[in-house]
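> Sequence isn't available, so here's the structure alone:
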């Protein structure tokens, strides 16, 4: 169908009002951290090796500066970068381009401030343009006035860029969305901490190579936060990378993080991420190594969409997509949401189901049979039995503590067996599960936080039974104890048992 010439129809030119349009764009939903991430995207696209973010506290006159050592922009490039909607999101981009809509620099900045200054050192030497929303608001014709130079009273504000001799400097002034009534210098410091945690996560794959990319806040380098604890010896499982058979450039890699018992307190605290263990589970969607979605099940599931729960908090899945797939994945302007295409959903569900199942086992921890260094299984006090319609839990009568009691029960043997059966049939599985979900921690087992004297007391009773009543040698008795749960975790206490008690 031939496109109709608009000059042949009665029409009206209907440009948006500048002040009204920009005020509307300020409500897209950025916070300070996500807004800064959008600015840093531009620095990475400009081949910057270092990006410095400076939070400068001065009450209502506070400002934020983002300076990079990238390629810089010519006068024409800066003019285009400062215009809203200059680039068509349908246009093909370079493979390493982190942008899409041509709005990020402006909308991210306007969400935080009323004055945006951008200066750049390119082939046309130093160039500077700025938007001032207060000036737009008072303009009589409500025009789109992009101002040249720097605002009055801003002498010296571009000196850091001049001294660097290259790159681009973005400045946020009039921080009306940050420095609100009652906002203090301590609030400013807390904000810096939140920003640091977010950027450490979003750009961790860039920051992991400090030789090629450095990101600093007030001169302090940001350390990467790796959601997958890559290389940690306590990880029970991770999959090799797999490429999608139907979508070019889509790669998946599944991870199950270590149980808390296999992490130091510092590792456990760091691994939970900015939003905590439960919130950080799920898919991590990257585009060109830049994190878009940090922990989400993406609306996937079997029967109904999966929700975030404690049982699956150790499951984290890396998913890489190319920037040519933005439309199919419905990437938004803030680069914070993604929805997998229909043709990929079953493939993703298959990987996620396997990861979730493995994460459940690792979370429960006791559901996995512990192994000794020689590879043999540890004798557990409890064992799981499958039966039609479910699973039941039984006491292992071969555990040294149980076996000793049964062997010496005498006339009390029927009563002890009856007691054990009652315990087996009344294991409070549902209560344990509920308490785990409510307290957001796995129940503590294995004499957790009990004094050593308590453990030694029990060990001595069992050790005496094994050596005196069973006739075992002290060496064999110690060996059997070290093969039994939970005593395999106390080798020093077992080794300290005397040859005679």
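On my side now, so go ahead. None of the values given here were measured: they were computed from a predicted structure.
> Quick check: what element follows the lowest-mean-pLDDT helix or strand in the chain along the chain?
Least confident helix or strand, the chain: helix 429-439 with a mean of 69, by mean pLDDT, DSSP states H and E. Using DSSP states H and E, the helix or strand that follows helix 429-439 in sequence is helix 452-464.
> Report the buried residues of that following helix.
Buried residues in helix 452-464, counted by 16 or more other CB atoms under 10 Å: 455-456, 459, 462-464. C-beta coordinates here come from the backbone N, C-alpha and C atoms, glycine included.
> Give me the distance between residue 200 and residue 186.
Per CB to CB, to the nearest Å, residue 200 is found 21 Å from residue 186.
> So which of these two has more stuff around it?
Higher neighbour count among residue 200 and residue 186: residue 200, with 19 against 8, using other CB atoms under 10 Å.
> Now for the more buried one: which residues touch it?
207, 222-225 (CB atoms under 8 Å, 6 or more residues apart in numbering).
> Am I right that it is in a helix?
Yes: under DSSP: H, G, I helix; E, B strand; the rest coil, residue 200 falls within a helix.
> Find me the pLDDT at it, would you?
On pLDDT, residue 200 comes in at 97.
> ditto for residue 263
89.
> And it, how close does it get to residue 500?
40 Å.
> who has more neighbours, the two?
Neighbour tally, residue 263 and residue 500, criterion other CB under 10 Å: the higher count belongs to residue 263, 18 against 8.
> contacting residues for that one?
Residue 263 neighbours (CB under 8 Å, 6+ apart): 234, 271.
> Tell me which stretches of the stretch 101-250 of the chain form helices.
Taking DSSP state H, counting those that start in this stretch as the criterion, the stretch 101-250 of the chain carries its helices at 104-110, 133-138, 159-164, 185-202, 204-207.
> As CSV, these with distance to residue 485 would be great.
Below are the helices of the stretch 101-250 of the chain laid out as CSV (distance: least, CB to CB, whole Å):
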stretch, distance to residue 485
helix 104-110, 54
helix 133-138, 66
helix 159-164, 61
helix 185-202, 37
helix 204-207, 37
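> Deepest in the core, which of those helices is it.
Highest mean neighbour count among the helices of the stretch 101-250 of the chain (mean count of other CB atoms under 10 Å): helix 104-110, with a mean of 23.
> counting contacts, what elements does that one pack onto?
If you count contacts as 3 or more CB pairs under 8 Å, 6 or more residues apart in numbering; DSSP states H and E, helix 104-110 packs onto helix 18-25, helix 32-45, helix 75-82, strand 115-122, strand 167-173.
> Residue 54: which of the ones you listed is closest?
Nearest of those to residue 54, taken as CB to CB: strand 167-173 at 9.4 Å.
> and that closest one with helix 32-45, angle?
Here strand 167-173 runs at an angle of 160 degrees relative to helix 32-45 (axes from the mean of the first three to the mean of the last three CA atoms, to 10 degrees).
> Identify the neighbouring strands of strand 167-173 in the sheet and state each direction.
strand 63-68 (antiparallel), strand 115-122 (antiparallel) (DSSP bridges).
> Following element in sequence after the helix ranked longest in the chain, please.
In the chain, assigned by DSSP state H, the helix with the most residues is helix 342-364. Using DSSP H and E, the helix or strand that follows helix 342-364 in sequence is strand 382-387.
> roughly how far is the helix or strand just after that next one from the heart of the chain?
Sequence order places strand 390-395 as the next helix or strand after strand 382-387, per DSSP H and E. Relative to its parent chain, strand 390-395 has a centroid offset of 36 Å by CA atoms, centre = their mean, to the nearest Å.
> quick one: which of the helices of the stretch 101-250 of the chain is nearest residue 235?
Closest to residue 235 of the helices of the stretch 101-250 of the chain is helix 204-207 (CB to CB; 16.9 Å).
> which helices and strands does that closest one pack with?
strand 214-217, strand 290-296.
> Now tabulate these in TSV and tack on mean pLDDT.
Formatted as TSV, these follow (pLDDT from 0 to 100):
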stretch	mean pLDDT
strand 214-217	98
strand 290-296	94
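> got the ones you listed as CSV, with mean neighbour count and distance to residue 128 columns?
Shown next, in CSV, are these (neighbours: other CB atoms under 10 Å; distance: least, CB to CB, whole Å):
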stretch, mean neighbour count, distance to residue 128
strand 214-217, 20, 23
strand 290-296, 22, 27
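> And those strands: which comes nearest residue 196?
The minimum distance between residue 196 and those falls on strand 214-217, with 5.6 Å, by CB to CB.
> hmm, who's touching that closest one?
Where contact means CB under 8 Å, 6+ apart, the residues beyond strand 214-217 that reach it are 40, 49-55, 192, 195-196, 199, 203, 206-207, 221-222.
> Could you find the closest non-adjacent residue to residue 238?
For residue 238, ignoring the flanking residues on the chain, the nearest one in space by CB to CB, 6 or more residues apart in numbering is residue 255 at 4.5 Å.
> in what helix or strand does that neighbour lie?
Judged by DSSP H and E, residue 255 forms part of strand 251-256.
> now the angle between helix 342-364 and that strand, please.
Per the same axes, to 10 degrees, the angle that strand 251-256 makes with helix 342-364 is 20 degrees.
> looking only at pLDDT, what's the mean for strand 251-256?
On average, strand 251-256 scores 97.
> for stretch 477-486, same thing?
Here stretch 477-486 scores 86 as its mean pLDDT.
> follow-up on the earlier one: export the helices and strands packed on helix 204-207 as TSV, with columns for distance to residue 111.
Output for those, formatted as TSV (distance: least, CB to CB, whole Å):
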stretch	distance to residue 111
strand 214-217	19
strand 290-296	18
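> Just the buried residues from the contacts of residue 200, in PyMOL please.
Remark: buried members of the contacts of residue 200, expressed as a PyMOL selection using 16+ other CB under 10 Å:
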select buried, resi 207+222+224+225
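> nearest to residue 432, of the contacts of residue 200?
Closest to residue 432, out of all of these and judged by CB to CB, is residue 225, at 31.7 Å.
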